[in-house]
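*Asks:* After the sequence you'll find the predicted model.
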Amino acid sequence: MDLTTSLDELARSTTKVFVDGSIISTDYNGADFPKESPDFAEHIGAKSRVKRRCGGSFGYRGIRFSYLNRQSSHTNAFASFVRNNSHFTTTSDVVNEHHLLVTHLKRVLSTHEKGKQGTMEQKLRKCANSHHEINYLLRGRVNNPDWPELIDYIRDARLYSPRRNLFRKSKRVHYSHEDAGLVTAALMECFDTDARVAIIAQDFDIVNIALQLGEDIATRRLPESLGILYEAPLASLRVYFPSNTDWIPNHELQFMVDTKLNMSYRENAGDLPRIERLRI
């Protein structure tokens, strides 16, 4: 199994690609800026914690031009992938969360509509337009989970928590209904044995859910209400991360895990793999 692929190659080789909100705004290689947040929403102040730090204003004069330029180039390219591949999808929860950024960008721009439209404003408007297009396209294609028992099991069995110290992240682990719903929606597509389903994310919680759900299916740990997962000939659900060194400009992806218990992590390796050094 190839551990790396490109976004374009993945689009050609899959029947469904579920996009997590964590990668829509990821516009740089983690190895290049290890101390920066990959989330553009934090730089522009779309998250409440950052708004408070910025005094609650919707201004953007303190944002470096390099952030806007980087985000503008990335979202323009990412919008093109979503536009040209109708099997790129997600859930309503992810779309609604991303829409907070879309709304914030519009509010920032509205405060400067009557002023001089300089280079900063033009770049910001280009970012806003690309995010709006991505959100609009994905909203029209949502695949929502319709399996509350599985979502409840993911929560109750804490499948988002690492087992055997694999795929740990620096932040405190907590349950996310959005993550559980995304994996559940993707797994529901795997009941077609000809399906080739992938998730693109940058969140170890999603990696852990997919891997440990696969383990629990293989070891028959599931409750009786989910017993269909033992008998059904499920296709494999794969999870990919943006490459730590070549996400920009080539949109390279790193394979992480699949529900057939393949993974890029080697338990007996002397050093942690490169993917484990991502700042999540």
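*Replies:* Received it, and whenever you're ready, just let me know what you need.

*Asks:* So Thr5, which state does it fall into?
*Replies:* The assignment at Thr5 comes out as strand when based on DSSP: H, G, I helix; E, B strand; the rest coil.

*Asks:* Which positions in the helix or strand containing Phe78 come out as buried?
*Replies:* Here Phe78, judged by DSSP states H and E, is contained in helix 65-84. Going by neighbour count (16 or more other C-beta atoms under 10 Å), the buried part of helix 65-84 is 67-75, 78-79, 81-82. (C-beta placed from N, C-alpha, C; glycine too.)

*Asks:* Could you give the number of residues near the nearest residue to Asn250 once chain neighbours are set aside?
*Replies:* Spatial nearest neighbour of Asn250, chain neighbours left out: Ser6 (6.2 Å); criterion: C-beta to C-beta, 6 or more residues apart in numbering. Using other C-beta atoms under 10 Å, Ser6 has 14 neighbouring residues.

*Asks:* go on, Val173?
*Replies:* 14.

*Asks:* host element of it?
*Replies:* Short version, using DSSP H and E: Val173 is in no helix or strand.

*Asks:* dump the residue contacts of it.
*Replies:* Residues counted as contacts of Val173 (C-beta atoms under 8 Å, 6 or more residues apart in numbering) are 160-162, 205.

*Asks:* cool, and Ala185?
*Replies:* Counting by C-beta under 8 Å, 6+ apart, Ala185 touches 18, 91, 143-145.

*Asks:* Looking at those, which are in strands?
*Replies:* Phe18 (DSSP state E).

*Asks:* if we can go back for a sec, mind listing residues that contact the helix holding Phe78?
*Replies:* Taking C-beta under 8 Å, 6+ apart as the rule, helix 65-84 contacts 7-8, 11, 19, 24-28, 40, 43-44, 88, 119-120, 123-124, 126-127, 130-131, 133-134, 137-138, 248-249, 251.

*Asks:* got it, and stretch 210-218?
*Replies:* Residues from elsewhere that reach stretch 210-218 (C-beta under 8 Å, 6+ apart): 154, 157, 159, 163, 166-167, 183, 187, 199, 221-222, 229-230, 234, 237, 239, 257-261, 263.
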